[in-house]
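>>> Here is the input, now give the coordinates:
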Amino acid sequence: MRLLIATGGSRGDVAPYTGLGVRLREAGHEVTIATHDGFADLVRQAGLGFRSLPVDPRAQLASAAGQRILRAGTGATAVVELLRMGRAVMPALGRGLLDAAGQGTDLLLLSTTTASLGQVVAEALDLPTMGLFLQPLAPTGEFPHVLTGTRSLGRRGDLLVSHAVQAAVDRLVTPPVRGLREQLGLPVRGAGAERRQAVRQGVPLLHGFSPCVVPRPSDWPPCMEVTGYWWPSSPPDWRPPPRLVDFLTSGPPPVYVGFGSLVVADAERLGAVIGSALRAAGVRAVVQTGWSDLSVTGDDVLAVDDIPHHWLFPRMAAVVHHAGAGTTAAGLRAGVPAVPVPAQLDAPFWARRLTALGVGPGPVPLAELSADRLAAALRRAVEEPAYRHRARALAARIDAEDGAAKVVAAVERLPVTS
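Prediction:
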């Protein structure tokens, strides 16, 4: 079967689908990923087909709109700013999805960022679809909505807020959805109607995180499942840089510091705060530059570019990160304590889960970050053995799961002919 996985966003929104694509290919399917040009090498190195989608996500996050999202952090304002930025690029994204799917596919697999427009494209081309999400976005009363922060209003309150967020999202993305439907000669309806129809039809919506981390809500529709994580693919010929190997063997295990796709306005100040915290905590560090071009100086600091987290994290004493879904997953897989520094959107949700699971001393939000607070959190993460013990126990449970196998099985249950 010819499968097209369509996803957009940062590296963390793309990398899990490379490993999933490899598993689907090993099951006998022809797999292509449609995403931004900046991730073409990432996809092709996994041995998968690549089709281009428009938009440069790094430039978007560095733009004035992207910085407004960062300043808003989480909650209603951040959601509105995110959707406004997304709505501006959705017409181009819709055309890109149509072109990618039109090159030939039997099944369209959609991420969070491509689902609303991808459903329209699938209807126009008479293609079956399946959702592959990395966050639990569907309304539930069992925890606060992923995008609204961490404060619970109780089961009824959380459910009402979840539905309110979903309704707001539907309203904001409806204009580009309607526009694409009109262009394709389809009956005009909004994003909410599109989503509700998919649920009524039982379109599978699979979630790529561990039920040990976020159990499947009991109030979700039967078509929604939590499978376990989908791990990124790594190039088979990858080798660690010699300077990194030398650094790791020259002293005690360092901590990792990295903020992935987060783009901060004052990376120089952030680097200075982190450097002061590392010195105060008395720890060595491997610092990933990321999309902010983070620079931290010091004799016991090594700067690196992209290093596969599955190789690096198990060698760390702790990981300090922005609490994105993918980096959170990699830290849990490695079984090392975490110090999340959440900044925006779903990051506070994942940071809260890390704290609830007992694998770290609690978040140090970017908006409240200081050298003293980060140093204190680092000392606790490295020196208190309970965090590492719990992290290792959870990693063993996650390692026993096979999220990709559940996706393969779901794909092969669909009545699709190639």
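>>> could I get the longest strand along the chain in CSV with only the CA atoms?
In the chain, assigned by DSSP state E, the strand with the most residues is strand 30-36. Provided in CSV are the C-alpha atoms of strand 30-36 (Å, rounded to 0.1, in the frame of the first residue of the first chain):
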residue,chain,number,x,y,z
GLU,A,30,5.6,2.2,0.3
VAL,A,31,6.0,5.2,2.7
THR,A,32,6.5,8.8,1.9
ILE,A,33,6.5,11.8,4.2
ALA,A,34,5.2,15.2,3.1
THR,A,35,6.8,18.0,5.2
HIS,A,36,8.9,21.1,5.0
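>>> Touching it from outside, list them.
Applying CB atoms under 8 Å, 6 or more residues apart in numbering, the contact partners of strand 30-36 are 1-8, 14, 17-18, 21-22, 24-25, 43, 48-57, 96-97, 100-101, 105. Bear in mind the C-beta positions are built from the backbone N, C-alpha and C, glycine included.
>>> Which SSE is immediately downstream of it?
helix 40-45 (DSSP states H and E).
>>> Average pLDDT for the very next helix or strand once past that following helix, rounded please.
Downstream of helix 40-45, the next assigned helix or strand under DSSP H and E is strand 49-53. Throughout strand 49-53, pLDDT has a mean value of 97.
>>> what pLDDT, on average, does the helix or strand just after strand 49-53 get?
Toward the C-terminal end, the helix or strand that comes next after strand 49-53 (DSSP H and E) is helix 57-62. The pLDDT scores in helix 57-62 average 75.
>>> in helix 57-62, what counts as buried?
Across helix 57-62, burial judged by 16 or more other CB atoms under 10 Å covers 57, 60-62.
>>> ok, these vs Leu109, which is closest?
Within the buried residues of helix 57-62, proximity to Leu109 (CB to CB) peaks at Pro57, which comes in at 19.4 Å.
>>> so the closest one touches Gly9, yeah?
Yes - Pro57 is within contact range of Gly9, at 5.7 Å (criterion: CB atoms under 8 Å).
>>> Now the phi/psi pair for Val319, please.
phi -120, psi 130 (degrees, to the nearest 10).
>>> contacting residues around Leu117?
Contacts of Leu117 (CB under 8 Å, 6+ apart): 90, 93-94, 97, 176-177, 180.
>>> can you do 6 Å?
Taking CB atoms under 6 Å, 6 or more residues apart in numbering, we find Leu117 in contact with 94, 97.
>>> Mean confidence (pLDDT) on whichever strand or helix holds it, please.
Here Leu117 sits within helix 115-125, counting by DSSP H and E. For helix 115-125, mean pLDDT rounds to 94.
>>> How about stretch 288-302?
Mean predicted confidence for stretch 288-302 is 91.
>>> just the CA coordinates of that stretch, formatted as PDB?
What follows is stretch 288-302 as a C-alpha-only set of coordinates in PDB (Å, rounded to 0.1, in the frame of the first residue of the first chain):
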ATOM      1  CA  GLN A 288      22.700  21.700  22.100                       C
ATOM      2  CA  THR A 289      22.600  25.000  20.200                       C
ATOM      3  CA  GLY A 290      19.100  24.400  18.700                       C
ATOM      4  CA  TRP A 291      17.100  26.900  16.800                       C
ATOM      5  CA  SER A 292      18.000  29.700  19.200                       C
ATOM      6  CA  ASP A 293      21.700  29.200  18.500                       C
ATOM      7  CA  LEU A 294      22.200  28.900  22.200                       C
ATOM      8  CA  SER A 295      25.800  29.600  23.400                       C
ATOM      9  CA  VAL A 296      27.000  28.700  26.900                       C
ATOM     10  CA  THR A 297      30.600  29.300  27.800                       C
ATOM     11  CA  GLY A 298      32.800  27.500  30.300                       C
ATOM     12  CA  ASP A 299      35.600  25.000  30.700                       C
ATOM     13  CA  ASP A 300      33.200  22.200  31.500                       C
ATOM     14  CA  VAL A 301      30.700  22.900  28.700                       C
ATOM     15  CA  LEU A 302      30.600  21.400  25.300                       C
END
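>>> Show me where the stretch 301-418 of the chain has its strands.
301-304, 318-321, 338-340 (DSSP state E, counting those that start in this stretch).
>>> Give the other helices and strands that the second one contacts.
This means strand 318-321. Packed against strand 318-321, as judged by 3 or more CB pairs under 6 Å, 6 or more residues apart in numbering; DSSP states H and E, are the following elements: strand 255-258.
>>> Partner strands of the strand it packs on, with direction?
Applying DSSP bridges, strand 255-258 is found paired with strand 285-288 (parallel), strand 318-321 (parallel).
>>> For that strand, buried residues please.
255-258.
>>> What lies in contact with it?
274, 283, 285-288, 290, 316-321.
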